[in-house]
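Peer 1: Coordinates for the following, if possible.
(one chain, ligands or ions: 1)
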Amino acid sequence: MRYNLYLTCPRGLEIECANELEEMGCENITIDSGGVFLTGDLRTIYTVNHLSRLGMHLLLKIVQLDCKDERTLYHEINGINWTKYISYIQTISVNFRARRSWVTNTQFAALKVKDAVVDKIRAYSGKRPSIDIRSADVPIDVFLDGTTCNVYLNTSGDALFKRGYREKIHKAAINEALAAGLVKLTKWSSPDPLFDPMCGSGTFAIEAAMMALKIPPRATRRDYSFMKWLNYDSYLWEDVKLDAENNINFSSKMKIYSSDKLIENIDMCRASAIKAGVDKYIRFSVCNIKHFRPLTEKSGFIITNPPYGERIGGDDEELEFLYTTINERFNNFCKGFSVFMICTESPFLEYIEATPSSSIPIRNGKLECNFIEYNIPSAEIRSPNA
Ligand SMILES: C[S@@+](CC[C@H](N)C(=O)[O-])C[C@H]1O[C@@H](n2cnc3c(N)ncnc32)[C@H](O)[C@@H]1O
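Peer 2: Okay, the predicted model is just below:
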């Protein structure tokens with residue numbers, strides 16, 4: 001059976017997400033804003049849930065409806081044969097999103113959808129499924145664009161950025177899917193050296209190492225929505241996992257360095273890296289950026305997420321000092337390096353005396369950011385007479 005699927009992803013990473021799906025052999029890939037359309041069978045659903053590093057939720061489209069008001073919304077949703085997908089002993093949840101539409105209150109619209117689903121199942125079996133907004137067996141996603149209403153089953157359940165390797169997290173950490181996507185955007189590959197000198201909980205380093213070793217991003221996750229479906233095929237799921245396991249390449253030589261000024265952050269990084277199975281491949285150290293220099297390396301990649309004063313970073317004076325220091329370290333000690341930083345539109349970026357070679361708009365949670373690349377000229381280019 002072929003399904004129409006939609007993989008949501010962080011805004012700004014749609015092309016990388018589509019590339020990743022192509023590498024997995026998915027078909028009919030089309031880029032949308034905030035996600036990617038694709039088609040596939042049950043194996044595709046299991047594979048994408050197991051292997052996608054950039055995806056957030058994999059949704060399976062049940063139907064497209066035309067709903068011009070509250071009454072037609074209830075009527076059309078109630079017309080779906082829900083008993084094909086949900087039994088009364090299961091729990092459900094409804095996530096409703098709308099744009100350019102008559103809906104003014106999405107929570108109220110979600111309640112209408114829930115009533116329509118529950119009424120349908122009760123009419124068929126005499127009993128109704130319960131609601132569980134946190135971890136429903138069958139999460140339902142509804143997107144209304146104008147009057148076009150797409151109804152999906154969420155195959156993932158918990159968001160796919162939840163890899164399961166983090167117990168503690170830095171308060172300004174970026175999510176794992178975004179970190180993996182940004183690492184992909186740098187075009188880094190092992191054995192080129194990769195540094196994060198302000199690593200917080202070490203998300204870039206851990207995601208990069210898992211990527212290079214081909215460790216499935218959620219190798220230890222046990223729970224997906226599709227496992228609660230009536231057609232769940234546990235043999236197929238085991239087969240998908242086995243295929244991925246056989247692809248892991250532990251022999252990869254890696255030079256990934258992750259540092260932060262705070263020892264508690266480095267402790268947190270180590271604990272997560274151990275859980276992710278990549279601690280042997282990352283060199284963690286406590287280091288203030290004012291002492292940072294990639295000693296033996298003549299070129300390589302730096303990817304980092306400096307404080308920008310939103311959740312952490314201190315007052316303007318501290319940030320001014322920090323960005324001046326970053327500028328001094330990168331320009332004097334990282335010659336020949338490609339430097340990538342994810343930042344909000346910060347006035348402190350003016351302290352970086354280099355012209356960005358690219359800047360890609362990226363959404364980091366609620367913050368509009370840019371992923372900026374600086375190519376620091378190599379020593380030879382800078383001093384032609386030397
Ligand atoms: C936005 S957080 C990084 C979050 C990280 N990307 C993650 O996913 O957890 C910024 C980090 O920069 C570190 N930092 C701030 N000033 C620093 C400095 N002078 N030297 C080194 N690290 C610094 C902070 O301790 C914090 O962990």
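Peer 1: use CA for all of it now, contacts and neighbours both
Peer 2: Noted.
Peer 1: you'd agree residue 186 is up against residue 340?
Peer 2: Yes: the criterion here is CA atoms under 8 Å, and residue 186 meets it with residue 340 at 7.2 Å.
Peer 1: out of these two, which sits in the busier spot?
Peer 2: Using other CA atoms under 10 Å as the criterion, residue 186 and residue 340 rank with residue 340 on top: 25 against 16.
Peer 1: before we move on, what SS does that one have?
Peer 2: strand (DSSP: H, G, I helix; E, B strand; the rest coil).
Peer 1: Contact residues of the stretch 201-350 of the chain facing the ligand?
Peer 2: Selection of the stretch 201-350 of the chain residues close to the ligand by CA under 6 Å from any ligand atom yields 201-203, 260-262, 287-289, 305-307, 322.
Peer 1: Quick check: of those, which has the highest neighbour count?
Peer 2: In these, the most neighbours by other CA under 10 Å go to residue 202, 31 neighbours.
Peer 1: could the residues of the stretch 201-350 of the chain next to the ligand be laid out in JSON lines, adding pLDDT, distance to residue 348 and secondary structure?
Peer 2: As requested, those are exported to JSON lines (pLDDT from 0 to 100; distance: CA to CA, whole Å; DSSP: H, G, I helix; E, B strand; the rest coil):
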{"residue": "201", "pLDDT": "96", "distance to residue 348": "23", "secondary structure": "coil"}
{"residue": "202", "pLDDT": "97", "distance to residue 348": "23", "secondary structure": "coil"}
{"residue": "203", "pLDDT": "98", "distance to residue 348": "24", "secondary structure": "helix"}
{"residue": "260", "pLDDT": "98", "distance to residue 348": "20", "secondary structure": "strand"}
{"residue": "261", "pLDDT": "97", "distance to residue 348": "20", "secondary structure": "coil"}
{"residue": "262", "pLDDT": "97", "distance to residue 348": "22", "secondary structure": "coil"}
{"residue": "287", "pLDDT": "97", "distance to residue 348": "22", "secondary structure": "coil"}
{"residue": "288", "pLDDT": "97", "distance to residue 348": "18", "secondary structure": "coil"}
{"residue": "289", "pLDDT": "97", "distance to residue 348": "16", "secondary structure": "helix"}
{"residue": "305", "pLDDT": "96", "distance to residue 348": "14", "secondary structure": "coil"}
{"residue": "306", "pLDDT": "95", "distance to residue 348": "11", "secondary structure": "coil"}
{"residue": "307", "pLDDT": "92", "distance to residue 348": "11", "secondary structure": "coil"}
{"residue": "322", "pLDDT": "95", "distance to residue 348": "9", "secondary structure": "helix"}
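Peer 1: coming back round to it: quick check: neighbours shared by residue 186 and residue 340?
Peer 2: Common neighbours of residue 186 and residue 340 (criterion: CA atoms under 8 Å, 6 or more residues apart in numbering): residue 301.
Peer 1: circling back: now for the residues of the stretch 201-350 of the chain next to the ligand: which two are most distant?
Peer 2: The largest distance within those, taken as CA to CA, falls between 203 and 322 and amounts to 21.1 Å.
Peer 1: Now do the contacts for the nearest residue to residue 278 once chain neighbours are set aside.
Peer 2: Of all residues not flanking residue 278 in the chain, residue 209 sits nearest, at 6.4 Å (CA to CA, 6 or more residues apart in numbering). Neighbouring residues of residue 209 by CA under 8 Å, 6+ apart: 254, 256, 278, 281-282.
Peer 1: Also residue 244?
Peer 2: Taking CA under 8 Å, 6+ apart as the test, what residue 244 contacts is 51, 215-216.
Peer 1: For the helix or strand encompassing it, list the C-alpha coordinates in CSV.
Peer 2: Assessed by DSSP states H and E, residue 244 sits inside helix 234-246. Extracted in CSV, the C-alpha atoms of helix 234-246 (Å, rounded to 0.1, in the frame of the first residue of the first chain):
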residue,chain,number,x,y,z
SER,A,234,7.0,-5.8,14.3
TYR,A,235,9.0,-8.0,12.0
LEU,A,236,9.3,-5.3,9.4
TRP,A,237,10.3,-2.8,12.2
GLU,A,238,13.1,-5.2,13.4
ASP,A,239,14.2,-5.6,9.8
VAL,A,240,14.5,-1.8,9.3
LYS,A,241,16.5,-1.5,12.5
LEU,A,242,18.8,-4.4,11.5
ASP,A,243,19.5,-2.8,8.1
ALA,A,244,20.5,0.4,9.8
GLU,A,245,22.6,-1.4,12.4
ASN,A,246,24.6,-3.2,9.7
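Peer 1: Off-centre distance for it?
Peer 2: Here the centre of helix 234-246 is set off from its chain's centre by 22 Å, with CA atoms, centre = their mean, to the nearest Å.
Peer 1: So for it, mean pLDDT?
Peer 2: Regarding helix 234-246, the rounded mean pLDDT is 97.
Peer 1: low-confidence ranges in this structure?
Peer 2: Residues of the chain meeting the criterion pLDDT under 70: 309-314, 380-386.
Peer 1: mind listing the helices for it?
Peer 2: Secondary structure of the chain, counting by DSSP state H: helices at 14-23, 42-51, 70-78, 106-125, 176-186, 203-213, 234-246, 263-276, 316-333, 379-382.
Peer 1: and the ones you listed, which is most packed in?
Peer 2: Mean neighbour count, computed with mean count of other CA atoms under 10 Å, is highest for helix 203-213 among the helices of the chain, reaching a mean of 25.
Peer 1: and that helix, C-alpha only, in CSV?
Peer 2: Below are the C-alpha coordinates for helix 203-213, written out as CSV (Å, rounded to 0.1, in the frame of the first residue of the first chain):
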residue,chain,number,x,y,z
THR,A,203,24.4,19.0,20.5
PHE,A,204,26.5,19.8,17.4
ALA,A,205,29.3,17.5,18.3
ILE,A,206,27.1,14.6,19.3
GLU,A,207,24.9,14.9,16.2
ALA,A,208,28.0,15.2,13.9
ALA,A,209,29.6,12.1,15.4
MET,A,210,26.4,10.1,15.1
MET,A,211,26.1,11.2,11.5
ALA,A,212,29.6,10.3,10.6
LEU,A,213,29.4,6.9,12.3
